[in-house]
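**Q** build me a model from this:
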Amino acid sequence: MKKWIKGTNAVVLSAAVIGIFILLTVFLHSASGLQWDLTKTKQFTLSDQTVTVLNKLDQKVNVIAFTNPSQEYYNRQVSDLLTDYKRHNGKISFQEVDPKKKPTLAEQYGITQYGTIVFEVGDKKKTVLYSDLFGYGSDQTTYNFTGEEKFTQAIMSLTSGTAHKAYFVTGHGEQSVTNAASFVSALESENYTLADLNLFKEGKVPTDAEALFVLSPQQDLTAEEAKLIEDYTKASGKLFFALGLSDQMGNWKNWDAVLAGVGVKNTKALAVEANSSLSSDPLTIIPDYSYHDITDKLKEASRITVMPGSIALSAEAGSTGYTVDELLATTDAGYGKTNLAELLKKQLTQKDIEKAKGDLEGPLALAYAVKDKDGKPKAVVVGNGLFVEDQYLSEQANKDFALNSVGWLHEEKSSLTIRPREEAQMQQVYLTAKQNNTIFIVTIIVIPALFLLAGGLVWWRRRRG
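**A** Next comes the predicted model:
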């Protein structure tokens, strides 16, 4: 009787396990889009912005990756990501092609090298190279994969009918299209066409200019040039102004007039932060975010901006009728050194930047967003020009903040600013002979012996019982 009950229990238990397995299999099969991303950097999770772009996609996008079978690791990264894109929107088709096996197709798309990904919408095409996707991370211990950023930007550039023409003002020591390579590349990926503009030479702002960029001017401009910019912003023009450190700033009048025209004052004081700075450097500030469309997502995601060498700003909106909203600020412990010209002429010590009588009290504003009387974006003014330079743009959320600012100016709230995700760099482990022997003994002898011993003990106890 006991044997019959035991046998029945075993059958019922086995049937239950099989039934649970079948139900779980059916559930997982029906939930084809269900996945859990347990990786540290959320490697397999698309950003909210990318999901938004894919959800709004209403055109067919054909993606062909011309791959080298020997580059298995890189191919898998690209394939997994593009498969995820396809899963989110069925209008995206994706295939991997070996150019050697399909030379006619490779010739049709003008493929001359492995590792080329072609995005195609109708008769428009955009190419992304493997070399643009992979590289060392900032700390040289991680591998930087920027696939999501590049792929989403490729889709946007092909499906968006809006292209923006903007000019970098030059002639006063500013960053130009040529020497601001990283920022220019980021803007071009956002569908901007850029060119330099010397107002002294041209004598006018081009009629197709949707925005002017002024990045780190070192000398003052003429009154005539200032009037051109002021007239431009008073009309329909938009302005992105990033102040750089200049020992001539104390003598500026015309740049001050340009800023005053959009309701912002350059205090000409070097911002120092006692509480929130990078690596104990009080001049490299990690500013607090204010509530604004430009900064809200960065604040929610706990992404910081890094501002090395900033100029404090203040608002003077009353005379213009514009609305000036703060974007970045120091903490209450911050202060502004008013002897800027003197500080820039010497090798700074801790004593030089200590708070003194006459310095500005914190908190200090470091960036403003300006809206016109109709509530439309007019200007973004940042008291820092270094953050968009090549060596700083990739730091933390600096590029996100810059591109969000530009996107806000053009009222494009879905503008892309996706941080490249970093995954652990594959490393080769070198073992000594002693370590090899230890691994061999533990895995081949010790562990199997423990299993045999445990099995023997169970058998012996049952035999005695």
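**Q** am I right that F66 is in contact with Y109?
**A** Yes - in this structure, F66 is within contact of Y109 by CB atoms under 8 Å, at 7.5 Å. Backbone N, C-alpha and C define where each C-beta goes, glycine included.
**Q** look at the two and report which has more neighbours.
**A** F66 (23 against 16; other CB atoms under 10 Å).
**Q** which neighbours do F66 and Y109 share?
**A** V118 (CB atoms under 8 Å, 6 or more residues apart in numbering).
**Q** so what pLDDT did V406 get?
**A** What the model reports as pLDDT for V406 is 94.
**Q** residue ranges of the strands in the stretch 1-150 of the chain, please?
**A** Ranges of strands in the stretch 1-150 of the chain, per DSSP state E, counting those that start in this stretch, are 61-66, 92-97, 116-121, 124-129, 134-136, 142-145.
**Q** strand partners (parallel or antiparallel) of the fourth one?
**A** According to DSSP bridges, the neighbouring strands of strand 124-129, each with its direction, are strand 116-121 (antiparallel).
**Q** just the angle for the strand it pairs with relative to strand 61-66, thanks.
**A** Relative orientation of strand 116-121 versus strand 61-66 (axes from the mean of the first three to the mean of the last three CA atoms, to 10 degrees): 170 degrees.
**Q** neighbours of the closest residue in space to N198 that isn't next to it in sequence, how many?
**A** Excluding the flanking residues, the one nearest N198 by CB to CB, 6 or more residues apart in numbering is G171, at 4.5 Å. Neighbour count for G171, taken as other CB under 10 Å: 18.
**Q** assumed G171 was part of a strand.
**A** No - under DSSP: H, G, I helix; E, B strand; the rest coil, G171 falls outside any strand and is assigned coil.
**Q** pull up the gap between N339 and V306, please.
**A** 24 Å (CB to CB, to the nearest Å).
**Q** give the contact list for the residue nearest to N198.
**A** By CB under 8 Å, 6+ apart, the residues touching G171 are 198-201, 221, 225.
**Q** same question for K150.
**A** K150 touches 128, 132-133, 189, counting by CB under 8 Å, 6+ apart.
**Q** need those residues in CSV with distance to N75 and neighbour count, can you?
**A** Output for the contacts of K150, formatted as CSV (distance: CB to CB, whole Å; neighbours: other CB atoms under 10 Å):
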residue, distance to N75, neighbour count
V128, 14, 21
D132, 15, 15
L133, 11, 22
S189, 23, 17
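**Q** show me which pair in these is furthest apart.
**A** Farthest apart among the contacts of K150 by CB to CB are L133 and S189. That separation is 13.0 Å.
**Q** hang on, the earlier thing: who has more neighbours out of N339 and V306?
**A** V306 (19 against 15).
**Q** burial of the nearest residue to the more buried one once chain neighbours are set aside, as a residue count?
**A** Spatial nearest neighbour of V306, excluding adjacent residues (CB to CB, 6+ apart): E395 at 4.6 Å. Using other CB under 10 Å, E395 is surrounded by 18 other residues.
**Q** test my guess that E395 contacts R303.
**A** No - E395 is beyond contact range of R303, at 10.8 Å (criterion: CB under 8 Å).
**Q** sorry, back to before: save the strands of the stretch 1-150 of the chain as TSV, and put in distance to I441 too.
**A** Shown next, in TSV, are the strands of the stretch 1-150 of the chain (distance: least, CB to CB, whole Å):
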stretch	distance to I441
strand 61-66	45
strand 92-97	44
strand 116-121	48
strand 124-129	48
strand 134-136	37
strand 142-145	34
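**Q** mean pLDDT and distance to G250 for these - can I get that in CSV?
**A** Shown next, in CSV, are those (pLDDT from 0 to 100; distance: least, CB to CB, whole Å):
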stretch, mean pLDDT, distance to G250
strand 61-66, 95, 54
strand 92-97, 94, 55
strand 116-121, 94, 50
strand 124-129, 89, 47
strand 134-136, 72, 41
strand 142-145, 69, 41
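**Q** for Y74, which of those strands is the nearest?
**A** Nearest to Y74, of the strands of the stretch 1-150 of the chain and by CB to CB, is strand 134-136 at 6.4 Å.
**Q** please enumerate the strands of the stretch 251-400 of the chain.
**A** Remark: strands assigned in the stretch 251-400 of the chain by DSSP E, counting those that start in this stretch are 264-272, 277-278, 281-285, 288-289, 307-308, 311-315, 323-329, 335-337, 360-361, 365-371, 377-382.
**Q** V205 is nearest to which of the ones you listed?
**A** In terms of CB to CB, the element of those nearest to V205 is strand 377-382, at 14.5 Å.
**Q** which residues outside the closest one are in contact with it?
**A** Counting by CB under 8 Å, 6+ apart, residues outside strand 377-382 touching it are 233, 238-243, 259, 262, 264, 294, 313, 322, 327-328, 366-372, 405-406, 408-411.
**Q** which of those are buried?
**A** For the contacts of strand 377-382, a neighbour count by 16 or more other CB atoms under 10 Å gives the buried set as 233, 238-243, 259, 262, 264, 294, 313, 322, 327-328, 366-372, 405-406, 408-410.
**Q** just the contacts of G171 now: which is nearest A333?
**A** L221 (35.1 Å).
**Q** my guess is that closest one contacts L199, does it?
**A** Yes - between L221 and L199 there is a contact under CB under 8 Å: 7.2 Å.
**Q** from Q153, how far off is L82?
**A** Applying CB to CB to L82 and Q153 gives a distance of 14 Å.
**Q** neighbours around E188, how many?
**A** E188: 14 neighbours (other CB under 10 Å).
**Q** what's the spacing between it and K165?
**A** Applying CB to CB to E188 and K165 gives a distance of 12 Å.
**Q** kindly report the same for G385.
**A** Distance of G385 to K165, computed by CB to CB: 22 Å.
**Q** between those two, which is the more surrounded one?
**A** More crowded of G385 and K165, by other CB under 10 Å: G385, with 25 against 14.
**Q** wait, that one touches G244, no?
**A** Yes - the criterion here is CB under 8 Å, and G385 meets it with G244 at 3.3 Å.
**Q** name the residues contacting each of those two.
**A** Counting by CB under 8 Å, 6+ apart, the shared contacts of G385 and G244 are 215-216.
**Q** and the residue lying closest to F387 once chain neighbours are set aside, what does it touch?
**A** The shortest distance from F387 to any non-neighbouring residue, by CB to CB, 6+ apart, is to N398 (4.8 Å). By CB under 8 Å, 6+ apart, the contact list for N398 reads 305-306, 387-388, 392.
**Q** roughly how far apart are N398 and A367?
**A** The gap separating N398 from A367 is 12 Å, by CB to CB.
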